[in-house]
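>>> give me the fold of what follows.
(chains A, B, C and D)
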There are 2 protein chains.
Amino acid sequence: MAARKKNSTYTRNEAHIIECDLTYAVNKINGRWKILIISKLESGKMRFGEIKKEFPYMTERMLTLQLRAMEQDGLVKRMVYAEVPPRVEYELTEMALAFGPIFKQLSEWGGKYRLP
Amino acid sequence: MAARKKNSTYTRNEAHIIECDLTYAVNKINGRWKILIISKLESGKMRFGEIKKEFPYMTERMLTLQLRAMEQDGLVKRMVYAEVPPRVEYELTEMALAFGPIFKQLSEWGGKYRLP
DNA sequence: CAGGATCCTATAAGATACTG
DNA sequence: CAGTATCTTATAGGATCCTG
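Residues are numbered from 1 along each chain as shown, chains lettered A, B, ... in the order given. All right, here's what the predicted structure looks like:
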């Protein structure tokens, strides 16, 4: 990922925004894919290729980027097994699992208010 | 806002993603500002200038864009009074108010898991 | 007061090819 | 299998100036 310029207004606004607990939380799961990834991993640990298969429209690059970012943010644990061929498993951390009930409510909101 | 190309993978992915109730809901409140605006409006209707004052780091342009998008999405009601100088008030709709308890939980998540 | 118009920058996302 | 590397496109966000 390209280094972010530290003095852009974008960055200053972000700094300001994540002082808020609410937007701090939102920033952890922003982007197009993280919420979907968390949802899939809720049922247990999965391998890279298994996750990939769940999202046929997501490129490998995006999956890698998201998983790396989520690892950095403490949302997933990445476990590498020294085998050939390589095996890597991903598992949600406690803080990611705590999103579960919230996502459920968001999903209910979507079901209730989406247009038919 | 620039017209979006209808056949980009970005658009196709979005179409695929919002079939899911969860990500449909998330797409309604995506971006940097909408959640904050909803939070402010929860306490009642506000004028454009009042909202603006709450977010000194947001440009007028962004506020306008967000409010227009939220109006399109049925999240806010925009009420224009035929006065001079002009007066415009914004108020949350029922579907936006329904986000209240969810945002509260997200905020609690942020308070619990954010780094000290 | 409540914005609209124009131009520009930053980031997110995607396509494709390649590798230990 | 589980990624990297490189290039390109798309969208979000911002700066600044202008107006009924």
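
>>> what residues are up against the spatially most central residue of chain A?
Closest to where the C-alpha atoms of chain A average out (C-alpha atoms, centre = their mean) is A:Lys34, at 2.8 Å. Going by C-beta atoms under 8 Å, 6 or more residues apart in numbering or on different chains, A:Lys34 touches A:Lys28, A:Gln66, A:Ala69, A:Met70, A:Leu75. (Glycine included, C-beta is placed from N, CA and C.)

>>> what's the spacing between the first one and DNA strand D?
Taking C-beta to the nearest atom of the strand, to the nearest Å as the measure, A:Lys28 and DNA strand D are separated by 15 Å.

>>> could I have the lowest-mean-pLDDT helix or strand in chain A exported to PDB, CA atoms only?
Within chain A, confidence by mean pLDDT, DSSP states H and E is lowest for helix A:9-17 among all helices and strands, at a mean of 90. The C-alpha trace of helix A:9-17 is given here as PDB (Å, rounded to 0.1, in the frame of the first residue of the first chain):
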ATOM      1  CA  THR A   9      -6.600  17.100   4.800                       C
ATOM      2  CA  TYR A  10      -7.800  13.600   4.100                       C
ATOM      3  CA  THR A  11      -5.500  12.400   6.900                       C
ATOM      4  CA  ARG A  12      -6.300  15.200   9.200                       C
ATOM      5  CA  ASN A  13     -10.000  14.600   8.900                       C
ATOM      6  CA  GLU A  14      -9.500  10.900   9.500                       C
ATOM      7  CA  ALA A  15      -7.500  11.600  12.600                       C
ATOM      8  CA  HIS A  16     -10.300  13.900  13.800                       C
ATOM      9  CA  ILE A  17     -13.000  11.400  12.900                       C
END
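
>>> cool, thanks, signing off.
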